[in-house]
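no sequence on this one, just coordinates:
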């Protein structure tokens, strides 16, 4: 380590305290993330306790050109927080306070290191709801959710993280604090600066605090698992349910048969809630106000769907235990890998084009390697599909070929190579499939303007 680097770490220890700065050896005792148990690699890891300490760290790193990698709960899937031996990790783990829950204004002011599930549980005690929800809720940080503009299960009704954020506090690369912690739904006083940082993956600034929009907690929850005969019926069913349930449809997830068979059978599931063999399975959710009325309403709407041939079989779940059992199927992505190397994809495209697109991808994957299984599922109601391909080829050429099989059809469909996971390092070379050269150049211009020395998450996104 060069003398100036040693001096930097000594300066940070003096300001933040000795336990706030971990050296390379201590960093290696941590894992790279929940999906990768291999040791974390970095020159040091710094754990500030408040915004002022974040600003101090960034200012010091900016002055000497030290690369900084912001990290949250490390639940990402696109290598957006990867580090090297010369990097300094800025972890928000100690900034984990829910500062205020405003019941009247229906907002929460939080630090970036608060767990998503922690906020969900805290506001539930006040009769409120933070509707952003995803499978990693127990591990992901809210700061990371905002930095990646996370989506998840209820985007259909409530939108992405962006739509649920009213205000942001962020620190620029040179230590400048941008305080946009406003709590109003309407605020057209000039540029809405929070949108610079939401979805920027830590490349334009470090999100430290946020004001989030809360909703009244639903009084009832009803999930429906439906067998559907063909893809046109899937898209027709989406509109049928959304219309028939009066806008209370909060999720519309679709599982192709290979996915359903893998997650709905032993050992993960003792017995499938619906028989195997249907062409498609839909998991829909209704969040309402009256359990008995909502169940009768759903049964009536489903009866019409059965009569119209949109649905061939159905299971309704109105109790908490049955709801969780159905959603556990959808969230059981880990069972697909079964210890094999796996490639995960997250794309978006027009809903009507999805059926043909999936068949195109399956054909292309089979041409690359016929031994690779394709599991397809996703938040179809908001135009988002996921693929899990396993076993993934070990050589780089095979990995690239599978990526091309998934991504190459998207430009013609005006689709996106990343619906909700971000770009990170993994999708950087494919960004041009979804963004024009002018758009990419503008992204780079913004980075250069806000971080002229290029210290924030270098090499990621664009």
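Happy to help now that I have it. Please read these numbers as outputs of a predicted model, since none were measured by experiment.

Show residues contacting stretch 291-310.
219-220, 222, 224, 226, 228-229, 233, 236-237, 240-241, 244-245, 248, 286, 288, 311-312, 314, 316, 318 (CB atoms under 8 Å, 6 or more residues apart in numbering). Just so you know, the C-beta spots here come from the backbone N, C-alpha and C atoms, and that holds for glycine as well.

In strands, which of these appear?
Applying DSSP state E to the contacts of stretch 291-310, the entries found in strands are 220, 222, 224, 226, 228, 286, 288, 314, 316.

Tabulate those residues (TSV), appending distance to residue 443, neighbour count and pLDDT.
Below are those laid out as TSV (distance: CB to CB, whole Å; neighbours: other CB atoms under 10 Å; pLDDT from 0 to 100):
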residue	distance to residue 443	neighbour count	pLDDT
220	43	16	94
222	42	25	95
224	41	24	96
226	41	26	98
228	39	24	98
286	39	25	96
288	41	19	93
314	45	19	96
316	46	16	95
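
In the residues you listed, find the pair that's most separated.
220 and 228 (24.2 Å; CB to CB).

Give me the most central residue, this structure.
In the chain, the centroid-proximal residue (CA atoms, centre = their mean) is residue 150; its distance is 3.6 Å.

neighbours around the closest residue to that residue other than its chain neighbours, how many?
Of all residues not flanking residue 150 in the chain, residue 161 sits nearest, at 4.8 Å (CB to CB, 6 or more residues apart in numbering). Using other CB atoms under 10 Å, residue 161 has 26 neighbouring residues.

got it, and the one 10 residues further on?
Neighbouring residues of residue 171 were enumerated by other CB under 10 Å; the total is 27.

ok, back up a step: within the helices and strands, which one has the residue nearest to the centre of the chain?
When secondary structure is defined by DSSP states H and E, residue 150 falls outside every helix and strand.

Contacts only, for it.
With CB under 8 Å, 6+ apart, residue 150 has these contacts: 132, 134, 140, 144, 160, 161, 420.

any idea how the chain splits into domains?
3-94, 98-216, 220-330, 336-431 (automatic domain parsing).

Can you lay out those as JSON lines showing distance to residue 442?
Formatted as JSON lines, the domains of the chain follow (distance: least, CB to CB, whole Å):
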{"stretch": "domain 3-94", "distance to residue 442": "20"}
{"stretch": "domain 98-216", "distance to residue 442": "12"}
{"stretch": "domain 220-330", "distance to residue 442": "34"}
{"stretch": "domain 336-431", "distance to residue 442": "12"}
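
Residue 444 is nearest to which of those?
domain 98-216 (10.1 Å).

pLDDT (mean, whole number) over the closest one?
Domain 98-216 shows an average pLDDT of 97 in the prediction.

Pull the number of nearby residues for the residue nearest to residue 174 when sequence neighbours are not counted.
Leaving aside its sequence neighbours, residue 174 sits nearest to residue 62 (CB to CB, 6+ apart; 4.6 Å). Other residues lying near residue 62 total 20 when counted by other CB under 10 Å.
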